[in-house]
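A.B. asks: Fold the stuff below for me.
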Amino acid sequence: MASSTHLTVIGSGFAAITALRKLRAHAPQAEITLIAPRAEFVFLPSLIWIPSGQRRPEQLVMPLDNFLRRLRIRFHAAEATGLKDGGRTVLTSTGEVSSDGLIIASGGRFIKKLPGIEHAITPCEGIHAATAIRDRLAAMSGGTIAIGFGGNPNEPSAMRGGPMFEFLFGIDTLLRQQGRREHFRLMFFNPAAEPGKRLGARAVGGLLREMQRRDIDTHLGHKLKGFSADSVMTEGGDFSADLILFMPGMTGNTWFDNSELPRSPGGLVQADEFCRVPGFERVYVAGDSGSFPGPDWMPKQAHMADLQARAAATNLCAELRGEKAEARFKVELMCVVDSLNKGMLIWRTPQHNLVLPSCRLWHWAKRLFERWYLRQLR
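C.D. replies: Okay, here's the model as predicted:
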């Protein structure tokens, strides 16, 4: 591939990092540009450990300067604001960026339409949300902590429930370690009668049994109506809460509206099995930004984003070489539901669903993965 070839990636999360690595491996001479507000990567899976103090915010924010320098990637500090010229030009808050190929990996956006949702903390919004949970917990002497998640009714895959189970079990463990658990009521709520069904039937049973073992109350199968400063309101009745953690469903970035990108019913960028955006030449999507063909349990998680980014980068470079884009991504859910000192391993593919009981091994495996991943970016 010629040195005059210019490739662009939008985003700075897991999908973007993997896409940059694969693009550089497949196109050693190409010019590559990363568009993101800041040249930094936030290891979001470890936000669950900030409330307990197992992680400090600065440990999870990795500057990308060295990573970008090693891979010879140009950084364009800006917010994406739209596309034109059939995807050849990205509009940004600091000017236009033109390229011969584009990978959209800018993540998703939480749907914040429920009345009173400003009274709830959305943990995966970032470091500030996790530190807010930490500070609120430290200031509480007792009360009810309500933890739950919702979805996008038009996009079954656009939800992120796994971290909420981790916050739930992690907060329970933390309060027990502090000798304060008897002063708190923990309530898990979800509009589905079987929360976590996307993880597999065995996982649902395991999670509900773990809640029962930990004396965590549940409010399940009732559509959410909204929140107030001290309550969660559902069609099955309201209940009081002194602290509410809620993960809404996800949709596409607002800048998608300033483009002709095809959208799914849930507002994400439509993609095919090769991560291509239909109707656009040499435009691909990976991670939370995209709506992909596959089973309705296909997860929105870092591992899935990596698999999609590998396929997107491989296919984009093949297309630029005049070859057929035929790399498909593997559909695989893999996660450790952590509880500060133990973890439950869940693995799901179209053929298999494995759930291994909670133990210390998986907790330490999750911590080692974090260390290994961040070390590669230093």
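A.B. asks: Every contact and neighbour count from this point should use C-alpha atoms.
C.D. replies: OK.
A.B. asks: correct me, but Ala203 touches Leu345?
C.D. replies: No: with contact defined as C-alpha atoms under 8 Å, Ala203 does not count as touching Leu345 (9.4 Å).
A.B. asks: Need the residues touching each of those two.
C.D. replies: Between them, Ala203 and Leu345 share these contacting residues under C-alpha atoms under 8 Å, 6 or more residues apart in numbering: Val355.
A.B. asks: in the stretch 51-200 of the chain, which spans are strands?
C.D. replies: 61-63, 73-77, 80-84, 89-92, 95-98, 101-104, 109-110, 143-149, 184-190 (DSSP state E, counting those that start in this stretch).
A.B. asks: who's in contact with the third one?
C.D. replies: Which is strand 80-84. For strand 80-84, contacts defined as C-alpha under 8 Å, 6+ apart pick out 10, 35-36, 89-93, 255-260.
A.B. asks: and what of the first one?
C.D. replies: Applying C-alpha under 8 Å, 6+ apart, the contact partners of strand 61-63 are Ala39, Glu40, Phe41, Val42, Phe43, Leu374, Leu377, Arg378.
A.B. asks: so which of the strands of the stretch 51-200 of the chain comes closest to Val277?
C.D. replies: Val277 lies closest to strand 101-104 among those, at 9.6 Å (C-alpha to C-alpha).
A.B. asks: helices or strands up against that closest one?
C.D. replies: Strand 101-104 sits against strand 6-10, strand 283-285, helix 302-320, with contacts defined as 3 or more C-alpha pairs under 8 Å, 6 or more residues apart in numbering; DSSP states H and E.
A.B. asks: right, and the ones you listed - which one's nearest Arg55?
C.D. replies: Short answer: helix 302-320, nearest of the helices and strands packed on strand 101-104 by C-alpha to C-alpha, at 19.1 Å.
A.B. asks: partners of the next helix or strand after that closest one in the sheet?
C.D. replies: Later in the chain than helix 302-320, the nearest helix or strand by DSSP states H and E is strand 333-338. Neighbouring strands of strand 333-338 in its sheet, by DSSP bridges, are strand 343-348 (antiparallel).
A.B. asks: Please work out the average pLDDT along the strand it pairs with.
C.D. replies: What strand 343-348 shows for mean pLDDT is 96.
A.B. asks: who's in contact with that strand?
C.D. replies: Residues from elsewhere that reach strand 343-348 (C-alpha under 8 Å, 6+ apart): 199-200, 203, 332-338, 353-363.
A.B. asks: Pull that strand out as PDB, backbone CA atoms only.
C.D. replies: Once non-C-alpha atoms are left out, strand 343-348 reads as follows in PDB (Å, rounded to 0.1, in the frame of the first residue of the first chain):
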ATOM      1  CA  GLY A 343     -15.300 -13.300  39.900                       C
ATOM      2  CA  MET A 344     -17.700 -15.500  37.800                       C
ATOM      3  CA  LEU A 345     -16.500 -16.300  34.300                       C
ATOM      4  CA  ILE A 346     -19.100 -16.300  31.600                       C
ATOM      5  CA  TRP A 347     -18.400 -17.400  28.000                       C
ATOM      6  CA  ARG A 348     -21.000 -17.600  25.200                       C
END
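A.B. asks: tell me the angle the helix or strand following it makes with strand 333-338.
C.D. replies: Downstream of strand 343-348, the next assigned helix or strand under DSSP H and E is strand 353-359. With axes from the mean of the first three to the mean of the last three C-alpha atoms, to 10 degrees defining the directions, strand 353-359 sits at 20 degrees from strand 333-338.
A.B. asks: Quick check: buried residues in strand 353-359?
C.D. replies: Neighbour counts using 16 or more other C-alpha atoms under 10 Å place Asn353, Val355, Ser358 of strand 353-359 among the buried residues.
A.B. asks: Which one of those residues is nearest to Ile48?
C.D. replies: Ser358 (16.5 Å).
A.B. asks: Quick check: nearest residue in space to the closest one, chain neighbours excluded?
C.D. replies: Met344 (4.0 Å; C-alpha to C-alpha, 6 or more residues apart in numbering).
A.B. asks: For Gly161, give me its contacts.
C.D. replies: Gly148, Phe149, Gly150, Gly196, Met247.
A.B. asks: Of those, which one scores lowest on pLDDT?
C.D. replies: For those, the least confident entry is Gly196, with 86.
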